[in-house]
Each structure stands twice: as structure tokens, then as C-alpha cells.
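**Student:** got a sequence here, can you model it:
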Amino acid sequence: MRMSPTRHLNAVARFADRALRLALVPSFVLLALACNDSTDPTGAPPPGMASPFGPRPSVASVLPNIGSTGGATPVKIVGARFEGGARVQFGGMPVRGFVDSRDPAGTILYAIAPAHDAGTVDVVVINPGGYAASLLGGYTYASPQSFDFNGDWTGFGNAGQDIPIGFTIRNNQVISAFCDTYATVTFATPPSVINGEFSYAGDDGVTVSGRIVSGTYAVGAMNLAPCTDTNWGAYRIEGTAATAGLRGSRGARSPH
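**Tutor:** Numbering: from 1, shown residues only. Model (predicted):
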């Protein structure tokens, strides 16, 4: 089930801000990559504009400031005077920015970092009127294999509601995954995380796949009822790399 663009933008503001502030779950469902519109993502002023107008933005920080070379990392840009319709460039690669309607001062802008070669890049925010602000060296792209995958990851799926999902990685292998509070699979042969990605497909139709896009965030898909063909986004719970217990029984879904 695909989330509507309007609902997605609301989810971006609601879940991303809460998750980034707490460094825990929940997270917003990462469907921005599926949202399309006809606007110019470079933020170029409208044709015929003689000169920039409107507020001049400023950029103070980007959180997180390290993400995968494969892109798809959700970031929160902190600054001032961001406007609806603002565009963001990571090392010259343009993406759309999402403002939070609860922030009339325009101090927060959300974006999904695009794919880019490894290295440190400038982050540029361009308001609709054409004024821009840069944060030199504001974001670093790293190989996904350089991230620490191990720990408990938890977030939400998009199957018509915010269904909690999660998985556990130990020694770079996915040990178990769950959807909601009662559907869990523990893998008899744990899939390995290779170059930041993992995938499992069972004979009973259960599938789980994911991609680590930063040291704290992952995206993927799951088919584990009630998560049916569900896209998800999840954050790694800090301090769990060697602690949290496993859920469920070997190779099967188990009610709790």
C-alpha cells in the first residue's frame, strides 16, 4: 500500500523530528523516493525572475551528517528562514526539502540525501525566491560497509497505519525480525549483511529485506503478516549492539 504524498509529508515532519531528537524509534516511513512532482528540484528561480526575493535562509547543521553513498538517508537540516518549496543540494545533487508546518520560523528542513561518491560535500538550501545558504563540508558520504550494523533496530511500516517493525543484527547477521507485537521470525540460517544490504525469503512466503543507509537508519520491505508487502524505516537503538534479546522461535512466526 502506497502512502499519499500529502500523508507522507506529514509523516516526514512528525516521525523524523521525534526520532532524531530521541535517537530512538519511531521513524517515518521512507516513501519520499516514490513521491514525484513537476517542480524543479534544483530550486532555480521561476523563469523571467530578475533577481532573488524573499527570506535569506541560513544553515547551521545537518543531522546526521554522515550517510551512505547509496543515498536514501533522511536528514534534518537546522537553520533559519526555510520556506515551503525549498530545495537542497548535497554536493550539487538536488533533492526536495520538506518543512514542518508547526515551525513557522522555518528553523527545520527535512530531506532525503541522494546517492553520491564517498567524501565530504557542501549542503546548500535554496528558497523558492532564489536566495541560498551553504554549509561547507556539511555532509559526508561513506561506504555502507563502514557502518556498525549490530544491535536492535526498530521503526514503523506503512501498511495503512504506523505498524511497529524491527530486527536484530549480531555479528553482521540478521538474527530475527518482527512486525507488530505478535509476529516474529527467527532465522535458522541468518542472512548476512553485505555492503549494507540483507535479504531473506522463506518457503512460507515470509520475506525481509533491508538496506543500511547510515549508522543509525535503515530502510527496506517486509512480508510478515500483518506487515503485507510493507515498506519500512527503522532506527538502531543506541546501546544495544551487544544486549537486546531475541524474539520468537526458530524459523517460524510465533504469537506473544
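
**Student:** next one: phi and psi at the residue nearest to residue 108 when sequence neighbours are not counted?
**Tutor:** Once flanking residues are discounted, residue 108 sits nearest to residue 100: 5.4 Å by C-beta to C-beta, 6 or more residues apart in numbering. Any C-beta I mention is one placed from the backbone N, CA and C, and that applies to glycine too. With angles defined as degrees, to the nearest 10, residue 100 sits at phi -100, psi 120.

**Student:** okay but residue 100 is in contact with residue 86, surely?
**Tutor:** No: in this structure, residue 100 is not within contact of residue 86 by C-beta atoms under 8 Å, at 12.0 Å.

**Student:** of these two, give the one with the bigger neighbour count.
**Tutor:** More neighbours surround residue 86 than the other of residue 100 and residue 86, with 26 against 21 (other C-beta atoms under 10 Å).

**Student:** what's the distance between the residue nearest to that one when sequence neighbours are not counted and residue 59?
**Tutor:** Spatially, and ignoring its direct neighbours in sequence, residue 86 is nearest to residue 97 (4.2 Å; C-beta to C-beta, 6+ apart). Separation of residue 97 from residue 59 (C-beta to C-beta, to the nearest Å): 11 Å.

**Student:** joint contacts of these two?
**Tutor:** With contacts taken as C-beta atoms under 8 Å, 6 or more residues apart in numbering, the residues that reach both residue 97 and residue 59 are 77, 125.

**Student:** looking at those two, which is more packed in?
**Tutor:** Using other C-beta under 10 Å as the criterion, residue 97 and residue 59 rank with residue 97 on top: 25 against 22.

**Student:** ramachandran coordinates for the more buried one?
**Tutor:** Dihedral angles for residue 97 - degrees, to the nearest 10 - are phi -110, psi 150.

**Student:** from residue 104, how far out is it?
**Tutor:** When C-beta to C-beta is applied, the distance between residue 97 and residue 104 equals 16 Å.

**Student:** mind listing what the closest residue to residue 83 other than its chain neighbours touches?
**Tutor:** Leaving aside its sequence neighbours, residue 83 sits nearest to residue 127 (C-beta to C-beta, 6+ apart; 4.7 Å). For residue 127, the contact set (C-beta under 8 Å, 6+ apart) comprises 43, 54, 55, 56, 57, 81, 82, 83, 85, 86.

**Student:** show me what the residue most central in space within the chain bridges to in the sheet.
**Tutor:** Central residue check for the chain by C-alpha atoms, centre = their mean: the C-alpha nearest the mean position is that of residue 74, 3.8 Å away. Note on residue 74: beta-bridge partners by DSSP bridges are residue 112.

**Student:** I'd guessed it sits against residue 235; true?
**Tutor:** No: using C-beta under 8 Å, residue 74 is not in contact with residue 235, being 9.8 Å away.

**Student:** quick one: end-to-end distance for stretch 87-96.
**Tutor:** 5 Å (C-alpha to C-alpha, to the nearest Å).
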